[in-house]
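Chemist: Got a sequence here, can you model it:
(chains A and B)
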Amino acid sequence: MPYTIIDTCTGCGACERICPTRAITGKKKDVYRIDGDLCIECGACGRICPSAAVKDRFGRICVMVKRSQWKRPVFDRDTCMSCSMCIDACPANCLELSEAKGPKDPHGHPRLKDERACIGCGFCEAECPVGAVTMLVPVPKDESRKSKPAAEAAR
Amino acid sequence: MNRGYMGRVLMVDLTKGDFREERIPDEVYEKYLSGIGLAAYLLYDRIPAGADPLGPENILGFVSGLLTGTGSLFSGRWMVVGKSPLTGTWGDANCGGSFSPAIKRCGYDGIFFSGVSEKPVYLYIKDRKITLMDASHLWGKDAIETEEILLERHGPGARVAVIGPAGERLSLISGICNDKGRIAARSGLGAVMGSKRLKALVLDGKKRITPYDREAVHKLSRKCNRWVQFQVPLGPSIGTALIGTLLRVLPTAMAMDGMVYKMILRQWGTGGLNQMSPEWGDSPVKNWKGSNVDWPLKKSKSADPDLVKKLEFIKYHCYSCPLGCGGKCSLTGKYSETHKPEYESVLALGGLCMNEDTDSLFYLNELLNRAGMDTISAGATVAWAMECFEQGILTLDDTDGLDLRWGNTSAMIALIHKMINREGIGDILADGSRAAAKKIGRGSEKYTVHAGGQEPAMHDGRQDPGFAVHYCVEPTPGRHTLGAQLYYEMFQLWKKVRGLPKKLPFQIYHKNSKYRATEKHTLEAAACSKYMNVVNGAGLCMFGTFLGITRTPTFDWLNAATGWNKTPEEYMEIGKRIQTLKQAFNVRHGIDPRANRLSDRALGIPPQPQGANKGRTVPIEKRMEDYWRHFGWDPTTGKPTDETLAGLGLSVE
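Modeler: Residues are numbered from 1 along each chain as shown, chains lettered A, B, ... in the order given. Okay, here's the model as predicted:
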């Protein structure tokens, strides 16, 4: 069941811009619509909609979340098996493989290439078989210095 | 209901330039799985009998596997299928990288091309929008260059499969490349793509691939991953070489456990066997005429695994692979990097041609990858030309002045350049050794080593007769990825499938027992064929399955991903059905299965006078008959009988 847009849509076009599969179309100031065949249920439209006009697959109205509070993937290098399933799963192409760290760890590992491109869908987390990806709300830099790094807190 | 597969295929008619989506009923997946099985099911009816492999009637398919994208490990293999122009039989080639999930993310289990385009085109799919785009500006460019241009244009999220100049020039030993150096090389299907004037596929879909029970699949994957991550440092590579020597000297052999090979793969990649293999007679030398005596350690050290590894700057993992047997190596000279040369490439361009120059192995690997030419067949064809030169059949006049002495690296490089560009003698050799011998004549046929036109890989049937049997009996002849006695030991299928001969862990047996033709051998060979059809239907990597059926749980993954509740025996029956359908395809196209018999030399007829395989002959006639009989095919002709076809529910004319 794909996401749907209801009448409260003000036609701002924010969902259209963020949709990674270009499933959303519409005219400015008009109600937008989602092509169910293209929708991959990433939920980005629901998180970004300022007028609570997006219903998720269960028919619930999605709540807008401030973009800086969207969850982002944090990778656990020790558990990661370098299989790149997460990179393939990412609909926003915001992950990449890192360089190798020399002969001790000659494998590349995934990392967030473009933080701003991440739509917080969590597909990377869902598709990782070994649980090496955790979706976390980013901690502002000055705060993270005080407390434990996010990755450690997750463990 | 989500069952891991997408349930649709895309049919592209290149002549008309139109597309048609086709729904595939669930029953088809239950009977044939996806991948190779689905392809065999679709192409059997649709490629008309006697179709010209390079004509519009041939259909070229790109298929993903059933398990690809479901969260199972080792499931990043895609396959290209069609009627092979090299052998005239069913053709398929298998490749890794990240292309396999890309097919499914476009919403398809397979993309099939018929017809011939008027001008060069490439297929571009973005979020279900399908376009055939002009590729005139890409025609003539090498595979990696083309991929870079296409990624630049369509963004880094796209996945590309492409032919190089060899495929464009219809070289019958050309393949299809992806991920800048992986290649689906065998069966000559690059030429089919070239004949259709299809330069590339660019796929950029985002569809989700949903298994029946993702958590169950993940649970199995975690268990499998623990085995993959278990690694003992194997020390310097000379150790493997000396083990090879020991295996040669001992009168006994030992049942191999896949964990040992896994550790070799993890440390060095397939190249871990570069020196070990010629030592114990697994790799042919000097166009299958020589032996370890001609290629001793001091010569084979040109491909020392540690030496190759020194240039590796990062391991390369295909999609969903925790092992990472590939690598990327930095080079100096014309090319700055290359995918680590695989075992097959190294031995085909090294020992088979007596070439001792390490740098040339890297260079030729990259050159052939870029050209989209099969390294195995290219090496074997050069080796054959070198022997013809030695025998005086080819002279300096024939070779355009190239001195094709054994191991003459510079002449070899020049010759391969000519083969890629189809210049002079290269034009004759670009279609493989059988076609070249046919053109040259003068008794040169005697020196070709092939099965049905396909040059066999660098695994010698005189060391492991299982290889020879599969080279001869398979619907895709000359292939090393379908079975062997060694593979049977590693698959450990007897732990799950009833009625198969058991082997104890590291069981020691006399080597002579390998060269008999008993019921046990037949069961083993048939089990390998059936299982590999399941593996290729699931889109799994053969190296992953070497861990053994309990550690790499193919059947359990399939059940978890699809929600079926099939027994291992039922899956093996599916494998049998696919195998028989491929054989029926060959019969329909007028192929005489007996004609796919491997060349005498590679069967030990006459036996070698010295070396690791001294005095050994494969009892091939009986082995072939027994294998065919087991599958319910006529033991004298190799053709599936009507009862067999009916029994498997195949409605074949």
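Chemist: Quick check: chain neighbours aside, which residue is closest to residue B:165?
Modeler: In this structure, residue B:165 finds its nearest non-sequential neighbour in residue B:371, 5.4 Å apart by CB to CB, 6 or more residues apart in numbering or on different chains. From N, CA and C alone the C-beta is placed, and that goes for glycine too.
Chemist: ok, that neighbour touching residue B:166?
Modeler: Yes. If you go by CB atoms under 8 Å, residue B:371 and residue B:166 touch, sitting 4.5 Å apart.
Chemist: Identify the contacts common to the two.
Modeler: B:174, B:420 (CB atoms under 8 Å, 6 or more residues apart in numbering or on different chains).
Chemist: follow-up on the earlier one: for the residue nearest to residue B:165, what are its contacts?
Modeler: With contact set as CB under 8 Å, 6+ apart, residue B:371 has these partners: B:142-143, B:164-166, B:174, B:420.
Chemist: Which member of those is positioned nearest chain A?
Modeler: residue B:143 (20.8 Å; CB to the nearest CB).
Chemist: any idea how far that closest one lies from residue A:35?
Modeler: Noted for residue B:143: a distance of 35 Å to residue A:35, by CB to CB, to the nearest Å.
Chemist: of the two, who's got more company?
Modeler: The neighbour comparison of residue B:143 against residue A:35 (other CB atoms under 10 Å in any protein chain shown) goes to residue B:143, with 31 against 15.
Chemist: and the closest residue to residue B:323 other than its chain neighbours, helix, strand or coil?
Modeler: Residue nearest to residue B:323 in three dimensions, not counting chain neighbours: residue B:228, with 5.4 Å by CB to CB, 6+ apart. Reducing the assignment to helix, strand or coil with DSSP: H, G, I helix; E, B strand; the rest coil, the entry for residue B:228 is helix.
Chemist: about what we covered before: export the contacts of residue B:371 to CSV and append columns for pLDDT and secondary structure.
Modeler: Output for the contacts of residue B:371, formatted as CSV (pLDDT from 0 to 100; DSSP: H, G, I helix; E, B strand; the rest coil):
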residue, pLDDT, secondary structure
B:142, 97, coil
B:143, 98, helix
B:164, 98, coil
B:165, 98, helix
B:166, 98, helix
B:174, 98, strand
B:420, 98, helix
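Chemist: May I see those organised as CSV, with distance to residue B:112 added?
Modeler: Supplementary listing: these in CSV, determined by distance: CB to CB, whole Å:
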residue, distance to residue B:112
B:142, 26
B:143, 22
B:164, 22
B:165, 24
B:166, 23
B:174, 19
B:420, 28
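Chemist: Let me know the closest of those residues to residue B:431.
Modeler: Distance to residue B:431, by CB to CB, is smallest for residue B:174 among those, at 9.6 Å.
Chemist: and that closest one, what does it touch?
Modeler: Contact criterion CB under 8 Å, 6+ apart gives B:163-164, B:166-167, B:185, B:188-191, B:194, B:371-374 as the residues in contact with residue B:174.
Chemist: In those residues, find the pair that's most separated.
Modeler: Pairwise distances across the contacts of residue B:174 (CB to CB) peak at 14.9 Å, for the pair B:189 and B:371.
Chemist: Spatially central residue for chain A, please.
Modeler: The centre of chain A sits closest to residue A:120, judged by CA atoms, centre = their mean, with a distance of 1.9 Å.
Chemist: Let me know whether it touches residue A:48 as I believe.
Modeler: No. Between residue A:120 and residue A:48 no contact is recorded; they are 9.9 Å apart, counting by CB under 8 Å.
Chemist: hang on, the earlier thing: which ones among the contacts of residue B:174 lie within helices?
Modeler: Taking DSSP state H as the definition of helices, the contacts of residue B:174 contribute B:166-167, B:189-191, B:194, B:371.
Chemist: Highest neighbour count among these?
Modeler: When the ones in helices among the contacts of residue B:174 are compared by neighbour count (other CB under 10 Å), residue B:190 ends up highest, at 37 neighbours.
Chemist: Can you give me every residue that contacts it?
Modeler: Applying CB under 8 Å, 6+ apart to residue B:190 gives the contacts B:163-164, B:166-167, B:171, B:174-176, B:372-373.
Chemist: measure it to residue B:184 for me?
Modeler: 8 Å.
Chemist: tell me, what's touching these two both at once?
Modeler: Counting by CB under 8 Å, 6+ apart, the shared contacts of residue B:190 and residue B:184 are B:175-176.
Chemist: related to what we said a few turns ago, so the residue nearest to the centre of chain A sits in a strand?
Modeler: No. When three-state DSSP is applied, residue A:120 is found to be coil, with no strand at that position.
Chemist: Near chain B, which residues of chain A? Just list them.
Modeler: With CB under 8 Å from any CB of the partner chain as the criterion, chain A meets chain B at residues A:20-23, A:37-38, A:40-41, A:81-85, A:88, A:91, A:93, A:99-100, A:106-108, A:123, A:126-127, A:129-130.
Chemist: try it again with 7 Å
Modeler: Within chain A, the positions lying close to chain B (CB under 7 Å from any CB of the partner chain) are A:20-22, A:37-38, A:40, A:81-85, A:88, A:91, A:93, A:99-100, A:106-108, A:127, A:129-130.
Chemist: Can I have the buried ones of the residues you listed as a ChimeraX selection?
Modeler: Here the buried members of these are turned into a ChimeraX selection, burial being counted by 16 or more other CB atoms under 10 Å in any protein chain shown:
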select /A:20,21,38,40,81,82,83,84,85,88,91,93,100,106,107,108,127,129,130
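Chemist: What residues does the residue of chain B positioned farthest from its centre make contact with?
Modeler: If you look at how far each residue of chain B sits from its centre, by CA atoms, centre = their mean, the farthest one is residue B:397, at 35.4 Å. Under the criterion of CB atoms under 7 Å, 6 or more residues apart in numbering or on different chains, residue B:397 has no contact partners.
Chemist: I'd like the distance from it to residue B:425, if you could.
Modeler: Using CB to CB, residue B:397 is found at 10 Å from residue B:425.
Chemist: ditto for residue B:509
Modeler: Distance, residue B:509 to residue B:425, by CB to CB: 47 Å.
Chemist: Which residue of the two possesses the greater neighbour count?
Modeler: Neighbours were counted for residue B:509 and for residue B:425 using other CB under 10 Å; residue B:425 has more, 21 against 13.
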